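Visitor: Would you be able to build a 3D model of this:
(2 chains)
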Amino acid sequence: MGLFDKLKAGLTKTRDALTKNLDQLVFGKRELNPALYDELEDLMISADMGPQFTFDLIEDVKQRVKRKELSDASQIKKVLQERMIAILRKMETPLFINKNEAFVIMAVGVNGSGKTTTIGKLAHMLRRDGHEVLLVAADTFRAAAIEQLEVWGTRVCAPVIKQKMNADPAAVVFDAVGKIKAGFNGVVIVDTAGRLHTRTNLMEELKKVKRVIGKELPGAPHEILLVLDATTGQNAVIQAKMFQEEIGATGIVLTKLDGTSKGGVVVRIAGELGLPVRFIGVGEGLEDLRPFDSGDFTAALLD
Amino acid sequence: MFESLSEKLEGIFKKLKGRGVLNEESVNAALREIRMALLEADVNFKVVKDFIEDVRGRAVGKEVLESITPGQQVVKIVHDRLVELMGSTSAAIKFGPRIPAPIMLVGLQGCGKTTTAAKLARLISADKRVYLVSADVYRPAAMEQLAVLGRQVKAGVFEAGSCKDPVKICVDAVEQARREGYEVILIDTAGRLHIDEELMDELRRIREKVNPAEILYVADAMTGQDAVNVGAKFNELIGIDGVIMTKMDGDARGGAALSLRSVVGKPIKFVGVGEKIDALEVFHPERMAGRILGMGDILSLVEKAQATIDEKTAKQMQESLRKSDFTLEDFRKQLGQIKKMGPLKDMIGMIPGMGKIKALKDMEPDDGELVKIAAMIDSMTKKERNNYLIIDGRRRKRIALGSGTTVQDVNRMLKNYIELRKMMKKINSKGGMKALMRNFPF
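Guide: As a prediction, this is how the structure comes out:
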């Protein structure tokens, strides 16, 4: 299965939810009447695109009708797709990592968003591309988080830096930075404890981890990946904003995209925050982490 | 954008309250805002539709137009309908006659099943012996996680050894629990990224073999529109008896709770409200609705206070209040009590009307501030603590130095203390409480 097919398969449900209904609208060749706008609105909202974005788009369509650019329902899909691509293009910045140069990635996110699993998949991808990888178990809070990362380490043949549970995450990170100073020049991926973005003291702890890395190794962390669960509703926008403002997240990994029929909140995050989506998780397999491609994404979404 | 639903609705109703009569137009305007707020809160769009139509039907009518305070009337209609949607009573777990009573937890990956299992075990173990078993043979270290948490809550945990068959693990665990005399066995099952046949089949087989007294569906409060679809599917394929909403301590507005209850029709039994192992509470639809509408969650606050403030200290406090010599020493003790009740921010959310005070949001109540104040008081001599009047400039300098703060900090703290002292005196004077309450905005 090619990449496009895989992505498409992963997003089937989204596409189904959105386009099946859209096609019904389209092939019915219906006039653009108020009821049609309502249906369109429901469709987009049920895809988690958020009420405001949805209303804006519908307003856009209405304006076009007024200007006589649109007279036929079949053109709605085109408008929708155009708008989405326009917004998503901005988010399409792949993560570029030089070989033989230390590169520190910090993974952050709320509880249960899939940080550890994403790190495992990312490590696998990097190893496959010939990078040296070092995993850092800085989630010392959740029970057995360290063990979970170790399992991944064994799977992808990457060493894991760890301390005991409840150890200071900053201390664990300090050890890892030591490895870089001692000559390790691959990719260091730091797993952090999941925290709700509203817990100020825990966000402070994350800042400290980041500070320790930066102090010991100027310029690092080079990438702070915010792991976002695609099943999350509009709160994803707030989460992304908080992690961007407080921790300085530089990219997003959107996980569990196959797990839901939606995922539309990305479009809103793209529009409002301009954070690039580096990867998307489209399955449970080791290979199921993909670079984000707005063309593929919209195509798979709207077909 | 980041205003809470409560604030939004309050804003709308303020507009409504300002008018003499409620006409259809103004109700429609309010309902449009409510609709936006609910959608933004991730309430399922179909649920929102029904809700809006329902409220419109009740609001635009004689009942409202003829009442004296139409604004209040709408607030009440919205509130009552919210309560109705979320279930008009709270529902306890039914353990049934069998011992051990098996309780099964199901849900998607990352919704917090394992943590919830441990929290639930702690809650139940107040009067029952609880055994835990993890049927998650897939996620790396899932079983270790439950074992660690099990030890924390002092519940028995089944050791699956090298067995990789979830059904067999559960059957064996129930047998083991029976042998060891446990009264309840909590079964933590594997999550999936989405509903697939394989998982459902596995869960069905566990259900058939174990015949749980209750199957509880664990749902993440942050879930979007899809929440109802997944919940409904679980209910259809496995059959659920109730819902546990997790991650309610975040700022997700938890619209999923509303939708799940009204679409799936099963009661929400518990809510997870924090990372700590005791952060699981019984779900109260009344409180939740009140909270959504910005009427505060005063009941929870009172309960929390009752549970944490120990009686002896409270009595002493009352005593010194009566004597109306609220010293810095008393102030210090009170701070200690407040700290025990948990993060300030959580508490402020529970106080009615606090949502209204915008400024509070910016000056994020800082728990660190409490520590600072405590440090300052700790740096005082006993004499100073009993008589704040003697604290002059030199003493203030010394206190600041001793507590690692600045003289400005000390000044501010003393000013606050004196204000508080005045307030306390007022409370003590006859009818003082009433007079005091008048000064509050709520």
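Visitor: What sits closest to the residue in the stretch 51-200 of chain A positioned nearest to chain B if chain neighbours are left out?
Guide: Residue nearest to chain B within the stretch 51-200 of chain A (Cβ to the nearest Cβ): residue A:112, separated by 3.0 Å. (C-beta placed from N, C-alpha, C; glycine too.) Distances taken as Cβ to Cβ, 6 or more residues apart in numbering or on different chains put residue B:110 closest to residue A:112, at 3.0 Å, once the chain neighbours are dropped.
Visitor: So the one you found is in contact with residue B:222, correct?
Guide: No. Contact status for residue B:110 versus residue B:222: not in contact, 10.2 Å apart, counting by Cβ atoms under 8 Å.
Visitor: re earlier: the residue nearest to residue A:112 should be in a helix, yeah?
Guide: No. Using DSSP: H, G, I helix; E, B strand; the rest coil, the assignment for residue B:110 is coil, not a helix.
Visitor: Now the residue in the stretch 201-350 of chain B that chain A sits nearest to, what are its backbone angles?
Guide: Closest to chain A within the stretch 201-350 of chain B is residue B:224: 2.8 Å, counting by Cβ to the nearest Cβ. When read as degrees, to the nearest 10, the backbone of residue B:224 gives phi -90, psi -150.
Visitor: what do you get for residue B:128?
Guide: Residue B:128 adopts backbone torsions of phi -140, psi 150, taken as degrees, to the nearest 10.
Visitor: my read: it touches residue B:183, true?
Guide: Yes. Using Cβ under 8 Å, residue B:128 is in contact with residue B:183, at 4.3 Å.
Visitor: Overlap in contacts, these two.
Guide: residue B:95 (Cβ atoms under 8 Å, 6 or more residues apart in numbering or on different chains).
Visitor: Apart from its chain neighbours, what residue comes closest to the residue of the stretch 201-350 of chain B closest to chain A?
Guide: The spatially closest residue to residue B:224, leaving aside those adjacent along the chain, is residue A:233, at 2.8 Å (Cβ to Cβ, 6+ apart).
Visitor: my guess is the one you found contacts residue B:228, does it?
Guide: No. Counting by Cβ under 8 Å, residue A:233 does not reach residue B:228; the two are 11.5 Å apart.
Visitor: Skip the chain neighbours and tell me the closest residue to residue B:142.
Guide: With Cβ to Cβ, 6+ apart as the criterion, residue B:142 has its nearest non-adjacent residue at 3.9 Å, and that residue is residue B:136.
Visitor: What are the phi and psi values at the residue in the stretch 51-200 of chain B positioned nearest to chain A?
Guide: For the stretch 51-200 of chain B, the residue closest to chain A is residue B:110, as judged by Cβ to the nearest Cβ, at 3.0 Å. Backbone torsions of residue B:110, given as degrees, to the nearest 10, read phi 80, psi 10.
Visitor: and it, how many neighbours?
Guide: Residue B:110: 25 surrounding residues under other Cβ atoms under 10 Å in any protein chain shown.
Visitor: Kindly report the same for residue A:173.
Guide: By the criterion of other Cβ under 10 Å, residue A:173 has 27 neighbours.
Visitor: host element of it?
Guide: Assigned by DSSP states H and E, residue A:173 belongs to helix A:169-181.
Visitor: What is that helix packed up against?
Guide: Judged by 3 or more Cβ pairs under 8 Å, 6 or more residues apart in numbering or on different chains; DSSP states H and E, helix A:169-181 is in contact with strand A:133-138, strand A:160-161, strand A:187-192, helix A:200-216.
Visitor: And the longest one, what's buried?
Guide: Which is helix A:200-216. Neighbour-count burial for helix A:200-216, counted by 16 or more other Cβ atoms under 10 Å in any protein chain shown, picks out A:200, A:202-203, A:205-206, A:209-210, A:212-213.
Visitor: Quick one: residues in contact with stretch A:159-176.
Guide: A:134-141, A:143, A:146, A:149-150, A:153, A:179, A:188, A:190, A:192-193, A:205, A:208-209, A:211-213, A:216, B:148.
Visitor: before we move on, the earlier item: weakest of the helices and strands packed on helix A:169-181 in terms of mean pLDDT?
Guide: Per-stretch mean pLDDT for the helices and strands packed on helix A:169-181 is lowest at helix A:200-216 (a mean of 88).
Visitor: before we move on, back to that, residue B:190 is in contact with the residue nearest to residue B:142, correct?
Guide: Yes. Under the criterion of Cβ under 8 Å, residue B:136 makes contact with residue B:190 at 4.0 Å.
Visitor: Are there residues contacting both of the two? Which ones?
Guide: B:142, B:166.
Visitor: burial measure for residue B:218, as a count.
Guide: Residues near residue B:218, counting by other Cβ under 10 Å, number 27.
Visitor: which among the contacts of stretch A:159-176 end up buried?
Guide: Buried subset of the contacts of stretch A:159-176 (neighbour count, 16+ other Cβ under 10 Å): A:134-141, A:143, A:146, A:149-150, A:153, A:179, A:188, A:190, A:192-193, A:205, A:209, A:212-213, B:148.
Visitor: does the residue of the stretch 51-200 of chain A closest to chain B count as helix, strand or coil?
Guide: Look at residue A:112: counting by three-state DSSP, its state is coil.
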